[in-house]
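Novice: Sequence first, then the predicted structure, then my questions.
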Number of protein chains: 2
Amino acid sequence: MKLAFEEAKKGKDTWTNPQVGAVIVKDNQVLGQGHHATFGHEHAEINAFKSLKDIDDAKNATLYVTLEPCSHFGKTPPCVQKIVQLGVKKVVIGQIDPNPLVSGKGVKYLRDNGVVVEEQLISSELNRSYNYFYKNNQPLVTVKYAMTLDGKINKNKNQRSIISNQAAFEDSQQLRSQQQVILIGENTLKVDNPALTVRDKKMSFPPIRAVVVRDINQISLDLKIFQTDEPIWFFSETKNLRTLPENVKVIVGEWTPDNILNYLTTQKIQAVLVEGGSFLQAKFLSAGLVEKLVVYLANKIYGSGLPAVWGADFDSIDFVEPTVEKLADNLKITTWRKD
Amino acid sequence: MKLAFEEAKKGKDTWTNPQVGAVIVKDNQVLGQGHHATFGHEHAEINAFKSLKDIDDAKNATLYVTLEPCSHFGKTPPCVQKIVQLGVKKVVIGQIDPNPLVSGKGVKYLRDNGVVVEEQLISSELNRSYNYFYKNNQPLVTVKYAMTLDGKINKNKNQRSIISNQAAFEDSQQLRSQQQVILIGENTLKVDNPALTVRDKKMSFPPIRAVVVRDINQISLDLKIFQTDEPIWFFSETKNLRTLPENVKVIVGEWTPDNILNYLTTQKIQAVLVEGGSFLQAKFLSAGLVEKLVVYLANKIYGSGLPAVWGADFDSIDFVEPTVEKLADNLKITTWRKD
């Protein structure tokens, strides 16, 4: 199961699909393994079967898979049929699929067809946003910022400061690649002028770049965000009156954090990264909607400047399970909201 | 030498004396070891000799000592005389003493008396403030604060927030015990009302509690700081007109950070901890006088409140050599100013 877990983590382009790994074992020998690599493509089990030297080796083998095998026709045919068809004797699963389309039905189908099914819980580290989404019916929101040792995220109000080192910058690209939506506020769009892409990484399903704006018609089309063709969503209070590039979608409404998340839920978005600025972060935190916090801590002091999170409307939010990682002389702190 | 280094760190009450460890070796066997434990008491070498089963074992032995042995009559007679007198053959020293009373003279005396002297550099971790003081002729200033993950040190301006957990609190007591002076501003004295003592630890030489105030006569004698008998120094702009407890000293002047450090240098203070608040810390940082920074990071967000360091007059101060320590769910970051 540990091997299947490691295998699962290799899937980097699964979009809203979970990361899944599978390992086929017979007579204490690993005969095959596979993972789900790309949204819409083969599931882990199928890839594991494909990796077998001889497909007949699946007969009477044990399949370790980190997630309950699917039982429905989605973008691919159901895995449970294949498992039964190949004569697998036993399936050990890491967790039941929280997706109501599958949940428990995969296990039932296998048992109904004479396959022994066991559960062996794996680390909750895998597919946290996938699990969160199906459990809570809303996306898992991560707030991320880089700050100095005195808690500043910018030296001057209307000019971007380079706070992080190269290692932290690269890590934050990695963090972006795990999201389906990256959300920023209008001021950050204007002041930082970010591309919001995942640099140096080809992804079949890059995260959607989303911006909360008052009036889409006031947004300059010269901004960097318009220079690449990953999708862009604008949450605007007003209707668009201009011709916009094809990759731009404008959603009109009153965009409180709750409303934004409700909309994203309808779009089956499971993982949202709020990247700034202070004001938008404060709004999401105040609304009690932030589940995960990632802070990159730079080894310097500004002494004055824009504070990380400001004007929020709560007393204190406690976090738990902090992990810290050294990125050269920067630190990365990852922590989860206390229930 | 590694053993001598470990031995040195046992000295917890050396005040302005360095931590020193000594090990006596003959025929590849450790025959004795000792450290300097308390200011004014025996030096490490003497304690190592005392630990020998037979004092004659010192004859032809090698003495490993983390610091150049002293050559002057201070609070104890010079160690080099004892070393020569006991017939030690070789002395391996970890570093030359930066104190001009000794520096090089100890080595010279030993060599003049036929003792072989070698140098084997030890980690710079030992006696950083002692070395800094003699190199720069001013105390090593550490700024310490506890802040939230969004850089706040207090939720409300005129009320103390408990930010750190118990482990961080205890660690900060340990940090205090390594200082000779703990310095705070008037507002911190009034709002936090701290005792500024090293709790749960009996010290023969507790740190002096120092406060920068505008007018000593306006300070309430009911404050906690007056309730214990460790020394208190007030840096006041005005003369004292009241009867104060015996442990209180008032030093009158214009107390810029530079002036404070100059005064402390005359008092041979090597290690100063600036504990707050934001304003005093900003003044010391702005004056370029802060060598070491210790940040306790609590696993929570306040969203609003008093920022760590505020209104400072510099662009950015870079730090190097960060170390991070987990104290339950708090983090301790220790870092040094970049030269």
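Specialist: Looks like it arrived, so ask away. Residues are numbered from 1 along each chain as shown, chains lettered A, B, ... in the order given.
Novice: Please make it C-alpha for all contacts and neighbour counts, starting now.
Specialist: OK.
Novice: Determine the next helix or strand in the C-terminal direction from the helix or strand of chain A with the lowest mean pLDDT.
Specialist: Sorted by mean pLDDT, DSSP states H and E, the helices and strands of chain A end with strand A:306-307, the least confident at a mean of 89. Next helix or strand after strand A:306-307 toward the C-terminus (DSSP states H and E): strand A:317-327.
Novice: helices or strands next to that following strand in the packing?
Specialist: Applying 3 or more C-alpha pairs under 8 Å, 6 or more residues apart in numbering or on different chains; DSSP states H and E, one finds that strand A:317-327 contacts strand A:330-337, strand B:300-301.
Novice: Would you map the helices across chain A?
Specialist: Under the criterion DSSP state H, helices of chain A are mapped to A:2-8, A:44-50, A:79-85, A:105-112, A:128-136, A:166-177, A:186-192, A:257-266, A:278-286.
Novice: so can I have CSV of the ones you listed showing mean pLDDT?
Specialist: Formatted as CSV, the helices of chain A follow (pLDDT from 0 to 100):
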stretch, mean pLDDT
helix A:2-8, 92
helix A:44-50, 95
helix A:79-85, 95
helix A:105-112, 96
helix A:128-136, 95
helix A:166-177, 95
helix A:186-192, 93
helix A:257-266, 98
helix A:278-286, 93
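Novice: JSON lines for those, including distance to chain B and mean neighbour count?
Specialist: Formatted as JSON lines, the helices of chain A follow (distance: least, C-alpha to the nearest C-alpha, whole Å; neighbours: other C-alpha atoms under 10 Å in any protein chain shown):
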{"stretch": "helix A:2-8", "distance to chain B": "27", "mean neighbour count": "21"}
{"stretch": "helix A:44-50", "distance to chain B": "36", "mean neighbour count": "23"}
{"stretch": "helix A:79-85", "distance to chain B": "42", "mean neighbour count": "18"}
{"stretch": "helix A:105-112", "distance to chain B": "39", "mean neighbour count": "18"}
{"stretch": "helix A:128-136", "distance to chain B": "20", "mean neighbour count": "18"}
{"stretch": "helix A:166-177", "distance to chain B": "15", "mean neighbour count": "17"}
{"stretch": "helix A:186-192", "distance to chain B": "18", "mean neighbour count": "18"}
{"stretch": "helix A:257-266", "distance to chain B": "16", "mean neighbour count": "16"}
{"stretch": "helix A:278-286", "distance to chain B": "7", "mean neighbour count": "22"}
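Novice: Of those helices, which is nearest residue B:305?
Specialist: helix A:278-286 (13.0 Å; C-alpha to C-alpha).
Novice: Make CSV from the helices of chain A and add distance to residue B:38 to it.
Specialist: Shown next, in CSV, are these (distance: least, C-alpha to C-alpha, whole Å):
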stretch, distance to residue B:38
helix A:2-8, 54
helix A:44-50, 66
helix A:79-85, 73
helix A:105-112, 70
helix A:128-136, 54
helix A:166-177, 45
helix A:186-192, 56
helix A:257-266, 60
helix A:278-286, 51
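Novice: Those helices: which one's closest to residue B:80?
Specialist: helix A:166-177 (50.9 Å).
Novice: partner residues bridging residue A:91?
Specialist: As for beta bridges, residue A:91 partners with residue A:63, residue A:117 under DSSP bridges.
Novice: That one: how many residues sit nearby?
Specialist: By other C-alpha atoms under 10 Å in any protein chain shown, the residues close to residue A:91 number 23.
Novice: quick one: it and residue A:116 touch, right?
Specialist: Yes - with contact defined as C-alpha atoms under 8 Å, residue A:91 reaches residue A:116; the gap is 6.2 Å.
Novice: Just list what the least confident helix or strand of chain A packs against, helices and strands only.
Specialist: Packing partners of strand A:306-307 (3+ C-alpha pairs under 8 Å, 6+ apart): strand A:152-154.
Novice: What pairs with the strand it packs on, parallel or antiparallel?
Specialist: Checking strand A:152-154 against DSSP bridges gives partners strand A:306-307 (antiparallel).
Novice: Give me the pLDDT for whatever residue of the stretch 151-300 of chain A ends up closest to chain B.
Specialist: At 3.8 Å from chain B, residue A:151 is the closest residue in the stretch 151-300 of chain A, using C-alpha to the nearest C-alpha. Looking at residue A:151, its pLDDT reads 94.
Novice: list the contacts for it?
Specialist: A:307-308, B:149-152, B:307-308 (C-alpha atoms under 8 Å, 6 or more residues apart in numbering or on different chains).
Novice: From those, pick the one nearest residue B:39.
Specialist: Closest to residue B:39, out of all of the contacts of residue A:151 and judged by C-alpha to C-alpha, is residue B:308, at 35.1 Å.
Novice: What residues does chain A have near chain B?
Specialist: Residues of chain A lying near chain B by C-alpha under 8 Å from any C-alpha of the partner chain: A:149-152, A:155, A:282, A:295, A:299-304, A:307-322, A:329, A:335.
Novice: Which single residue of the stretch 1-150 of chain A approaches chain B most closely?
Specialist: Counting by C-alpha to the nearest C-alpha, the stretch 1-150 of chain A gets nearest chain B through residue A:150, at 5.2 Å.
Novice: How much space separates that residue from residue B:257?
Specialist: Going from residue A:150 to residue B:257 by C-alpha to C-alpha, to the nearest Å gives 20 Å.
Novice: what do you get for residue A:219?
Specialist: In terms of C-alpha to C-alpha, residue A:219 sits 48 Å off from residue B:257.
Novice: repeat for residue A:3
Specialist: 59 Å.
Novice: Once you drop chain neighbours, what's closest to the residue nearest to the spatial centre of chain A?
Specialist: Nearest to the mean C-alpha position of chain A, by C-alpha atoms, centre = their mean, lies residue A:179 at 3.4 Å. Once flanking residues are discounted, residue A:179 sits nearest to residue A:271: 5.0 Å by C-alpha to C-alpha, 6 or more residues apart in numbering or on different chains.
Novice: burial count for residue A:150?
Specialist: Counted with other C-alpha under 10 Å, residue A:150 comes out at 31.
Novice: Which residues are in contact with it?
Specialist: A:300-303, B:151, B:307-309.
Novice: which two of the residues you listed lie the greatest distance from each other?
Specialist: Among the contacts of residue A:150, A:300 and B:307 lie farthest apart (C-alpha to C-alpha), at 15.1 Å.
Novice: Walking through the stretch 101-250 of chain A, point out its strands one by one.
Specialist: For the stretch 101-250 of chain A, the strands defined by DSSP state E, counting those that start in this stretch occupy A:116-119, A:140-147, A:152-154, A:181-185, A:208-213, A:232-236, A:248-252.
Novice: Mean neighbour count, these: which tops it?
Specialist: Comparing the strands of the stretch 101-250 of chain A by mean neighbour count (mean count of other C-alpha atoms under 10 Å in any protein chain shown), strand A:152-154 ranks first with a mean of 28.
Novice: so where's chain A shaky on pLDDT?
Specialist: Across chain A, nothing is flagged by pLDDT under 70.
Novice: mind giving me the domain ranges of it?
Specialist: Annotated domains of chain A cover A:1-125, A:137-334 [the TED database].
Novice: List the contacts of residue A:280.
Specialist: A:184-185, A:274.
Novice: hmm, 6 Å instead?
Specialist: Counting by C-alpha atoms under 6 Å, 6 or more residues apart in numbering or on different chains, residue A:280 makes contact with residue A:185.
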